[in-house]
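In: No sequence on hand, only this structure:
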Ligand SMILES: *Cc1c(COP(=O)(O)O)cnc(C)c1O
């Protein structure tokens, strides 16, 4: 019962049989750990990391996993063990890296438009690889904190290359009107001025144009602009050691074959071509691509009800567990764990939360399901659990990591006691 190498690690060992992850049936996991339950394949995460590492093997590189996509400690640990670094966006994410794998601190880059002095201090003390600085004011604060702590700060200016990436407006970041980065036309002057400060070391230039970008072209366009800047800086006597190309490579959330390795190769080629003469290190910050398809949210059907012409399948998972459909109109494939015979019908799959926005799918053709059945929402490994909340006082789901034939709980289900612990009457 070998796990097939496909874009998704969830499969049926026998046609029409039960859904598995690795050697483990999802039904047995639901019985053991309850629902809603996030299930991740360690194999697939490792496989995806290796794809990037192999595609970039020809040059000095570092894959810095974007922690915000899924910050489970066990996942950080498994990636660090295989050589990954990390892209963090908060002091909290730094603490997660330090808790999971402190030896990886030197492979951390710190992004984000609103770093506080306390967060900067924590990064300096942890001796992270670099701060991706998003404004001149932040650079001034970084210099001041570095001087105060007597720890030299490596930085990259996150530039805004003014490149349009075709994705959802909430996750597009590379245009001049977005809040991220500094205008690339201002960058050269900022680096020149920073060169006068002995507490600052210009380590790299960074860029991140958005998320769920399916084409390699905008990445190439952004890196071409960034490497041109690096060459101009060299003329100024400022030699950057690295270019950080950010994350954002998209996956296919719809059913059907998805050639992940081919996508990564195409992406790496576009970056390599655009880097041209630049012979320093290449950093990339993939998040979604590494973990999205490794994960599924397993949920139990509570009710099937008809209102007028519509049929609603009500599950025990809700928008507080997985907000992507409500927030980005995102599509997740929904498949029964143990399929029943019968004709597919058009249904809405919804959760119990008191919001009409609490849906996983609308007008979706779904094979018949009955109360008590389990269904899996696929490709839920990225921006799923990390965006979960306690809305409607719902304790958050448990998480399980499948490693070959073994499954282990990597985060227990929250209890109401957890939720009430921080409050006073
Ligand atoms: C969110 C983010 C990423 C990761 O984006 P993905 O689409 O998940 O690959 C990388 N870098 C930065 C700065 C980000 O904000």
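Out: That came through, no problem. The structure displayed is predicted, hence computed values, not measured ones. Residues are numbered from 1 along each chain as shown.

In: quick one: residue 250 and residue 260, what's the gap?
Out: Distance from residue 250 to residue 260, counting by C-beta to C-beta, to the nearest Å: 11 Å. Placement of C-beta: from N, CA and C, glycine included.

In: And residue 167, by the same measure?
Out: Separation of residue 167 from residue 260 (C-beta to C-beta): 18 Å.

In: ok so, going back, so what sits against both of residue 250 and residue 260?
Out: Residues touching both residue 250 and residue 260 (C-beta atoms under 8 Å, 6 or more residues apart in numbering) are residue 289.

In: which residues sit in contact with the residue in the stretch 251-400 of the chain that the ligand sits nearest to?
Out: Closest approach between the stretch 251-400 of the chain and the ligand, counting by C-beta to the nearest ligand atom: residue 287, at 2.6 Å. Counting by C-beta under 8 Å, 6+ apart, residue 287 touches 65-70, 87, 211, 247, 382.

In: Ok, residue 36 next?
Out: So residue 36 contacts 297-300, 315-317, 321, 397 (C-beta under 8 Å, 6+ apart).

In: could you redo the last one with a cut-off of 10 Å?
Out: 30, 297-300, 315-318, 320-322, 351, 377, 388, 394, 396-398, 413 (C-beta atoms under 10 Å, 6 or more residues apart in numbering).

In: Return the distance of it relative to the ligand.
Out: Residue 36 is 22 Å from the ligand, where distance means C-beta to the nearest ligand atom, to the nearest Å.

In: Need the nearest residue in space to that residue, chain neighbours excluded.
Out: residue 317 (3.6 Å; C-beta to C-beta, 6 or more residues apart in numbering).

In: Tell me how many other residues surround that neighbour.
Out: The number of residues packed near residue 317 is 28, by other C-beta atoms under 10 Å.

In: Need phi/psi at it.
Out: Backbone torsions for residue 317, taken as degrees, to the nearest 10, come to phi -100, psi 150.

In: My read is that it contacts residue 323, right?
Out: No: using C-beta atoms under 10 Å, residue 317 is not in contact with residue 323, being 11.1 Å away.

In: which residues are common contacts for the two?
Out: Joint contacts of residue 317 and residue 323 (C-beta under 10 Å, 6+ apart) are residue 388.

In: Dihedrals phi and psi, the closest residue to residue 337 other than its chain neighbours?
Out: Distances taken as C-beta to C-beta, 6+ apart put residue 374 closest to residue 337, at 3.8 Å, once the chain neighbours are dropped. Per-residue torsions, residue 374: phi -100, psi 140 (degrees, to the nearest 10).

In: Is stretch 127-146 in proximity to the ligand?
Out: No: shown here: stretch 127-146 not in contact with the ligand (C-beta under 6 Å from any ligand atom), separated by at least 6.6 Å.

In: For that stretch, measure first residue to last.
Out: 11 Å (C-alpha to C-alpha, to the nearest Å).

In: Likewise for stretch 16-32?
Out: OK, stretch 16-32 end separation, C-alpha to C-alpha: 23 Å.

In: can you count the residues close to the closest residue to residue 361 other than its chain neighbours?
Out: Nearest residue to residue 361, sequence neighbours excluded (C-beta to C-beta, 6+ apart): residue 349, at 4.4 Å. When counting by other C-beta under 10 Å, one arrives at 24 neighbours for residue 349.

In: With that, I have no additional questions.
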